[in-house]
Every structure is written in structure tokens, then in C-alpha cells.
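A.B. asks: sequence and predicted model, in that order:
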Amino acid sequence: MDDMLNNLATYGYAVVFFYSLGGGFLALLGAGVLSFMGKMDITLSISIAFIANFIGDGLLFYMARYHKREMMEYLSKHKRKLAFSHLLLKRRGSWIIVIKKFIYGLKTLVPLAIGLSKYSFLKFSLYNAIGAFIWAMIVGGLSYLFGGALIEGYKMVSDKPYLAPIMLLLVGGSVWFYLSQATKKK
């Protein structure tokens, strides 16, 4: 995390932009902490993350819509997850575009699945903009507000390095378990 914070302090806004094209949770989290420390501007960081996240999902939608043949090579390994994304769109409606910003594993697949359908690009763009704005405000705002606690938590983990893999296994295992249960044949 020290390397990420140093890179963000040095290259800051460019890192936030490029990292946010594909999700950007950690870069925006780091930018919020650096803003708390006075090394970056939180408003500019949130704005850049919002714009990049909006563009990134729009590119995924575009690739799936207009380059299906090339995308199908990648997507053939994820047929169940794509079907699950379609099911979520049917069950939850367009709001899944907003909600998926916060669910690891669906951030990429939902725009691809929607791009493969006949869903309107304008409607997708509207919900994508709403989702990117809410995501950037929540992640950036909370990381700025709780910057002190995040710094203290980092210090605790750096003092006891065995905690980091345990926490990663718990979070990663939970996500994996949820996705495997949600996409399992019934």
C-alpha cells in the first residue's frame, strides 16, 4: 500500500483516471486518503474517477455490442456469469447497472452482458452515469472522511503482516462463494 500511496502522490490524478476505467476502487480509496492528508484534492479525484468509470463501462458496452465475435472468445469461459448478469437485469431492472459498481465480479460482466442484448445505449448511459456518480461519491467521500481510520488500520496491518492474507482470503472467499452459489445449476 505504501507503493500505491507514493505513486498516487506522484502521478495522482492520471493513476486515478486509468485505474478507474476498470473499476478503480483502490485508486479512489488511496486518493481519498491522500486528500485527507492534504496531498490531493478530493473533489478533483472524485470527478476524475466518475468520468473514467463512466467511460470504462461505456467502452465495455460498445465492445460487446459492436465486436461480438472478438469478445465471444473471452466470454465463452464466463457463460454462467453472463447468464446470471442477464437474470439480474430481468429481476432487478436497470438499477443493476447502478448496483453492480459495488459488486466485485459483476463490474465487468454486466456491461458486457447488456451490450450483447438489445438494451438501449442511451438508457444504459443514463444508469451508468448515475451509478458512476454514486460510486465515486461514496468511495471517494468515505475514504476521505475515514482517512484517519484507514491510515491507522494500515499501520495495524503493517505491524502484523499475517492479518492481510487472512483478510484477503475472507473477502475473496466470500465473493467466490457468493458467485459460485449464484451461478450454480439448480
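C.D. replies: Done, it's in.

A.B. asks: hey, let's count contacts and neighbours off CA atoms from now on
C.D. replies: Fine.

A.B. asks: show me the shaky parts of the chain.
C.D. replies: 1-9, 183-186 (pLDDT under 70).

A.B. asks: nearest residue to Leu109 other than its sequence neighbours?
C.D. replies: Leaving aside its sequence neighbours, Leu109 sits nearest to Leu82 (CA to CA, 6 or more residues apart in numbering; 6.3 Å).

A.B. asks: so who does the one you found touch?
C.D. replies: Leu75, Leu109, Val110, Ala113 (CA atoms under 8 Å, 6 or more residues apart in numbering).

A.B. asks: mind listing what's buried along the helix or strand where it lies?
C.D. replies: If you go by DSSP states H and E, Leu82 is part of helix 79-92. Buried positions in helix 79-92, judged by neighbour count with 16 or more other CA atoms under 10 Å: Arg80, Lys81, Leu82, Phe84, Ser85, His86, Leu88, Leu89.

A.B. asks: picking that back up, and the residue nearest to Leu109, how close does it get to Lys101?
C.D. replies: Separation of Leu82 from Lys101 (CA to CA, to the nearest Å) stands at 16 Å.

A.B. asks: ranges for the helices of this structure?
C.D. replies: 2-20, 25-36, 42-66, 68-75, 79-92, 96-99, 109-116, 121-145, 147-159, 163-182 (DSSP state H).

A.B. asks: rewinding a little: and the helix holding Leu82, how far from the chain's centre?
C.D. replies: Mean-position distance between helix 79-92 and its chain equals 18 Å (CA atoms, centre = their mean, to the nearest Å).

A.B. asks: begin at 50, not 1, for the rest of this chat.
C.D. replies: Okay, using 50 as the starting number, the last item reads as helix 128-141.

A.B. asks: that helix to helix 212-231, inter-axis angle?
C.D. replies: 70 degrees (axes from the mean of the first three to the mean of the last three CA atoms, to 10 degrees).
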